[in-house]
Structure formats: C-alpha cells, structure tokens
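**Q** Give the three-dimensional model of this entry:
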Amino acid sequence: MALKRLRFQDIELWTVHGNALVTDMEMGLRATLSQELIEQIRYRTREGMKTAVRKGKATTCLADGYKLKLAYDGNGDRIPGLRDIDQKQADVIRWIFQQYADGVSPRDIAKKLNDQDTPGPRGAKWRDTAIRGHVSRGTGILNNETYIGRVVWNRRNYRKNPETERRVARSNKGGNWVVNDVPDLRIIDDALWAQVKARQKELGELFSYTTTNRLNAAHRPSYLLSGILECAECGGPYAIMAKDRYGCTNHKKRLPIDDLGGECCQNQKTILRNDVEDRILACLPAAFLHLGIFEEVANQVMQSQVAKLKSQPTQSQQLKAELQRVEQEQKNIIQQISGRAVEGRPRLTALDDLLDQLEEKRSTLTTQLQEPADANLNLEERLAELRAQTNPDTVRYIVDTLLFYLRDHADTATNQPFIDLVRQLVQKVVIGKTPGHQPATLEVHGRIASILAAMEASTILEERFKLLKHHDYLARHESGELDTELKRKKLLDAYAEELSVKRLEWQNIQVSVVAGAGFEPAAFRL
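**A** Below you'll find the predicted structure:
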C-alpha cells in the first residue's frame with residue numbers, strides 16, 4: 001500500500017544496500033522478514049524478563065518504595081535489575097496502607113500527601129487512582145504484592161487495536177503468571193495487608209450490590225445522619241436544602257407520589273442539621289448508661305490506675321539497682337585515678353569529668369528514690385481517693401465532651417469511626433411536620449429505639465437535658481463568652497435551676513413507642 005502511494009506521486013524507492021529500485025516482490029519479502037524479526041525480538045524480550053523475575057530482578061520501572069541497588073560482578077560490571085528498599089519512600093507506603101486500613105479514602109490520602117509536598121510516583125503529584133488502582137488487575141499501591149515480598153509478573157498482555165492504534169490490556173490466565181518470593185523486598189506486614197484486603201472486599205460488596213448508581217453507594221455520608229432521614233408523609237428522603245437545613249426532597253421537587261394518590265408531599269417542615277443531630281446524640285448517653293457501659297469503662301480505668309499505683313514498689317527497686325550501678329562505677333573510676341597517682345602517671349581530666357557526671361546522676365536517683373518511698377506510705381489513701389474520683393459521672397462527663405468535639409471539631413478521618421458507631425445504632429429517622437413554628441417530630445428506628453423503649457422517660461429526658469447543656473457550656477467556653485469564674489458559676493446555677501423545674505414536668509410523662517416498619521420491634525419518638 002505504501003509503495004503504491006509513492007508510485008502514484010512519481011516517487012521511487014531505492015535501498016542503499018542494493019543500490020537498485022525496490023520491486024513489489026522485494027517489498028513483500030522485506031515486510032515478511034521484518035514482521036518475523038519483530039516477533040522474535042518480542043519473544044526473546046519476554047523470555048528475558050521472565051528469567052529476570054525468577055531471579056528476583058526488576059524488569060520494568062521501579063515501584064514506589066524501591067531504588068536501584070548498585071552491585072558489581074567479578075569483572076567490575078554493574079549487575080542490572082537489582083533493587084533495594086528506599087526507607088524514606090517505604091515509610092510513605094506504610095503510612096498509606098495504615099491510613100486506608102483506618103478508613104481514610106484514597107482521595108483524602110492523596111490530598112494529605114500533596115498538602116505535605118510528598119513526591120508522588122516518578123515525581124508527579126499524588127492521585128487517588130495511583131493509590132486505589134484496580135484490585136483484580138493488581139494495579140495501584142494498595143494491590144502491589146511486591147510490598148509483601150511477592151513479585152507477580154505477566155498478569156496482563158497488551159495488544160494494539162488495528163483501528164485505533166492504541167494498546168489494549170487483556171488479563172492472562174493464572175497459569176501464565178510468573179510468581180517469585182522476594183522476602184528482602186517486604187515493606188508491609190501480613191496483618192496490615194489483610195486489613196487492607198478486608199476493607200477492599202467490604203467496599204467491593206457494597207459497590208456491586210447497589211441497584212442504581214453503584215458508585216454512590218461507596219460514598220461516605222457527608223454528615224452524621226446523611227441518607228437515613230425520611231419524610232413521615234411521603235417516605236421520601238430528607239436532604240440539605242439550604243445552608244445546614246434539611247427538607248423533604250419530594251416536597252421541594254413537587255413530585256407526585258403514588259402512595260398519596262398522585263398528590264405532592266405537603267410536608268414543608270425543615271429542620272436545622274445541628275438540631276436533628278443534637279436530638280439524636282442526646283439519647284446516646286442515656287442508652288449507654290442503661291447498657292452499663294459507663295460502669296464498665298469506670299471499672300477499667302480504676303483497674304488501670306490501681307495497677308499503676310501498685311507497680312511503684314517495682315519502680316523503686318529499679319531505682320535502687322540503678323543507684324548501685326552508678327556507685328560501683330564511681331568506685332572503679334576512683335581506683336583508676338588512685339592507681340595512676342601511685343604509678344606517677346599524669347591525672348586525666350576526662351576521668352574527673354566522668355566522676356562529676358556520675359555524682360550528679362547519683363544525687364538525682366537518690367532524690368527520686370525518696371519520693372516513691374513517701375508516696376507508698378499513703379498507698380491506701382491514694383487508692384481510696386482514686387475510687388472516689390472514678391465513677392460513672394466522671395466517665396459520663398468525659399464521653400459527653402468527646403461527643404461534642406467529635407461532631408463538629410474533628411477532621412474527617414477522626415470523625416469516621418464515630419459516624420459509623422452512631423449509624424449502627426440509628427437505622428433511620430422519620431421527620432414529621434408540626435403546626436406553626438413548633439419543632440419537627442422525630443421517630444427513631446434502629447437498635448437505639450429498643451434500648452430507649454425499655455427505659456423510664458424521666459431518665460431519658462434528664463440525660464438528654466444534661467448532654468445538651470454540657471454541649472452549650474462547651475460552645476460558650478470555646479467562643480470566649482465564659483471568661484470569668486463568676487460567669488461560669490452563674491451559668492451553671494441557671495442550668496441547675498432549670499433542671500429542677502424540668503424534673504417536676506417529667507414525672508408524669510410516658511414513653512411513646514410505636515411498631516417499627518421492618519427495622520426493629522420499636523421506634524422511639526423524640
């Protein structure tokens with residue numbers, strides 16, 4: 001075809017070797033021989049790469065975390081294909097694996113690395129695709145088995161599409177893979193690798209079981225209750241409509257609902273995100289108290305502190321042993337100084353300085369040894385004081401403060417386990433409309449509904465009140481409003497007075513429980 005086009009343009013094709021015009025037969029033969037030569041080169045190259053892999057050598061560019069290893073043979077020539085671990089890059093690889101195992105997405109991991117100006121593969125910027133890769137193809141950092149000391153080669157082969165002239169990757173069968181163990185190249189331990197694979201499997205199942213847009217199922221909730229808020233009238237989802245305010249999407253879109261006889265949803269009640277989250281979170285301490293979690297945590301803290309106090313005599317013994325060792329070293333140095341003096345040898349300043357250092361250390365150890373001795377005399381008193389301080393109220397205060405800072409004052413990675421915990425207890429929240437400006441009704445479905453249904457209403461309401469006021473106090477303190485002790489005392493007194501009034505109102509209140517709609521046996525109304 002090329003020869004015909006050249007002749008059409010009156011162009012002749014000559015070869016230097018033959019010094020003659022190229023004929024059609026010569027062109028056909030040369031094309032055949034060239035194609036055969038290309039196939040032979042391809043075969044020899046792949047066989048050479050296969051042999052190199054079996055010897056533990058690199059065949060292509062190095063993966064992130066490794067560097068070229070300089071080694072020479074008996075003739076002084078460098079041995080090609082050898083590699084070694086780059087410790088600086090290896091630390092980044094371990095950090096990536098640990099972050100992913102802890103629940104951080106590849107996109108957030110890449111953002112953190114770029115914010116830290118950490119060089120990416122081949123010096124480029126980090127991308128989530130470079131970290132995530134493809135599980136079945138073994139691509140990406142999280143799927144590179146070299147990091148666990150196992151090299152897998154020939155997973156795929158590449159063919160050029162004759163129409164587009166682009167390479168297309170195709171997977172090879174497992175029998176064609178070349179696998180070699182290289183324990184010297186291990187960067188990730190088996191436990192961390194297993195955690196990453198388990199999380200990939202979990203996200204893969206979530207991705208594949210979604211019937212609509214499968215990618216949406218793998219997205220994490222933006223807020224604590226995203227995706228589990230439901231309209232009581234039409235059953236449609238509640239989503240963010242304005243700045244931090246939830247509303248019924250069906251009502252906003254004016255969509256006709258079959259269950260309403262083709263009518264549009266009339267639930268125009270909106271609710272602030274902080275309001276609905278506060279009302280849900282305020283139930284958690286009460287539920288935990290009912291389950292006895294506070295007592296369990298308090299007992300664990302108590303056991304830990306008691307063990308620490310009782311270990312002090314052991315620390316005292318260690319101090320005594322160290323003091324004896326220092327004193328023995330002092331005696332040895334004094335003997336050396338005396339011996340040199342007897343022999344008439346000059347005095348060494350280094351020995352005098354070392355003797356001064358040992359004397360200073362001996363004085364410090366003597367002081368430390370006296371302090372635990374005095375404390376051990378009052379061990380029983382300290383244990384009694386510790387038992388008085390470690391109680392459910394103290395643990396409740398710590399957990400309440402933790403809830404406050406986790407919800408709005410923590411980054412995404414820190415917040416994710418907290419969000420997962422809440423969503424295990426709360427399966428859905430149904431929002432109902434109320435007349436006027438009254439707050440919307442909430443109906444909670446899930447495990448927490450069964451827990452709250454077994455409790456007394458006064459206990460639930462009091463715990464909710466305490467948590468909300470505690471969060472209000474922390475917010476005021478963070479803003480700098482409570483800058484004096486008088487203001488803090490005045491606010492706490494106001495809380496106490498309001499609580500005493502509320503307790504009288506809660507005496508005759510009954511818990512409202514309704515049948516669950518395919519979730520738990522009960523749904524709790526807030």
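
**Q** what about the closest residue to Val178 other than its chain neighbours, distance to Asp190?
**A** Computed as CB to CB, 6 or more residues apart in numbering, the closest residue to Val178 that is not its neighbour in sequence is Trp153, at 4.4 Å. The way it works is simple: take the backbone N, C-alpha and C, and place the C-beta from them, glycine included. Trp153 sits 21 Å away from Asp190, going by CB to CB, to the nearest Å.

**Q** coming back round to it: can you pull the pLDDT of the residue nearest to Val178?
**A** We have a pLDDT of 78 for Trp153.

**Q** hang on, the earlier thing: neighbour count for Trp153 and Asp190, which is higher?
**A** Taking neighbours as other CB atoms under 10 Å, Trp153 and Asp190 compare with Trp153 leading, 18 against 10.

**Q** which residues does that one contact?
**A** By CB atoms under 8 Å, 6 or more residues apart in numbering, the contact list for Trp153 reads Met49, Lys50, Val53, Thr59, Trp177, Val178, Val179, Asn180.

**Q** Most neighbours of all the residues you listed, which one?
**A** That'd be Val53 among the contacts of Trp153, by other CB under 10 Å, with 21 neighbours.

**Q** pretty sure that one is in contact with Trp177, am I right?
**A** No: under the criterion of CB atoms under 8 Å, Val53 makes no contact with Trp177, lying 9.9 Å away.

**Q** Out of the contacts of Trp153, which is nearest to Phe418?
**A** Nearest to Phe418, judged by CB to CB, of these is Val179 at 41.5 Å.

**Q** pLDDT (mean, whole number) over stretch 370-383?
**A** Computed over stretch 370-383, the average pLDDT equals 58.

**Q** Next, the residue nearest to Val178: phi, psi?
**A** phi -120, psi 150 (degrees, to the nearest 10).

**Q** so how far is Gln200 from it?
**A** Between Trp153 and Gln200 the distance, using CB to CB, works out to 22 Å.

**Q** ok so, going back, inside strands: which ones of the contacts of Trp153?
**A** Among these, the members falling in strands (DSSP state E) are Val178, Val179, Asn180.

**Q** Mind putting those into TSV with distance to Ala232 and pLDDT?
**A** Output for the ones in strands among the contacts of Trp153, formatted as TSV (distance: CB to CB, whole Å; pLDDT from 0 to 100):
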residue	distance to Ala232	pLDDT
Val178	61	81
Val179	58	81
Asn180	62	81
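
**Q** Arg476: which of those residues is nearest?
**A** Checking the ones in strands among the contacts of Trp153 against Arg476 with CB to CB, the nearest one is Val179 at 62.7 Å.

**Q** Any idea what that closest one is bridged to?
**A** Counting by DSSP bridges, Val179 is bridged to Val152.

**Q** and it, what is it in contact with?
**A** Val179 sits next to Arg150, Val151, Val152, Trp153 when contact means CB under 8 Å, 6+ apart.

**Q** how does it look with 10 Å?
**A** By CB atoms under 10 Å, 6 or more residues apart in numbering, the contact list for Val179 reads Val53, Arg54, Glu145, Arg150, Val151, Val152, Trp153, Asn154.

**Q** If any of the residues you listed are buried, give me the PyMOL selection for them.
**A** Buried residues among the contacts of Val179 (16 or more other CB atoms under 10 Å), as a PyMOL selection:
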select buried, resi 53+150+151+153+154
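
**Q** right, and the pair among the contacts of Val179 with maximum separation?
**A** The most widely separated members of those are Arg54 and Glu145, with 15.6 Å between them, by CB to CB.

**Q** Surely Asp84 forms part of a strand?
**A** Yes: Asp84: assigned to a strand according to DSSP: H, G, I helix; E, B strand; the rest coil.

**Q** so who does the nearest residue to it once chain neighbours are set aside touch?
**A** The shortest distance from Asp84 to any non-neighbouring residue, by CB to CB, 6+ apart, is to Lys69 (4.0 Å). Residues near Lys69 by CB under 10 Å, 6+ apart: Lys57, Ala58, Arg78, Ile79, Gly81, Leu82, Arg83, Asp84, Ile85, Asp184.

**Q** Over to Val276?
**A** So Val276 contacts 223-225, 229, 238, 245-246, 429, 431, 439-440, 442, 526 (CB under 10 Å, 6+ apart).

**Q** For ChimeraX, what selects the buried ones among these?
**A** Only the buried entries of the contacts of Val276 go into this ChimeraX selection, using 16+ other CB under 10 Å:
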select :223,224,225,229,238,246,429,431,440,442,526
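
**Q** Reformat the contacts of Val276 as JSON lines; add secondary structure and distance to Gln328.
**A** Shown next, in JSON lines, are the contacts of Val276 (DSSP: H, G, I helix; E, B strand; the rest coil; distance: CB to CB, whole Å):
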{"residue": "Tyr223", "secondary structure": "coil", "distance to Gln328": "65"}
{"residue": "Leu224", "secondary structure": "coil", "distance to Gln328": "62"}
{"residue": "Leu225", "secondary structure": "coil", "distance to Gln328": "67"}
{"residue": "Leu229", "secondary structure": "strand", "distance to Gln328": "72"}
{"residue": "Tyr238", "secondary structure": "strand", "distance to Gln328": "75"}
{"residue": "Arg245", "secondary structure": "strand", "distance to Gln328": "74"}
{"residue": "Tyr246", "secondary structure": "strand", "distance to Gln328": "73"}
{"residue": "Val429", "secondary structure": "strand", "distance to Gln328": "71"}
{"residue": "Ile431", "secondary structure": "strand", "distance to Gln328": "76"}
{"residue": "Pro439", "secondary structure": "coil", "distance to Gln328": "76"}
{"residue": "Ala440", "secondary structure": "coil", "distance to Gln328": "77"}
{"residue": "Leu442", "secondary structure": "strand", "distance to Gln328": "73"}
{"residue": "Leu526", "secondary structure": "coil", "distance to Gln328": "71"}
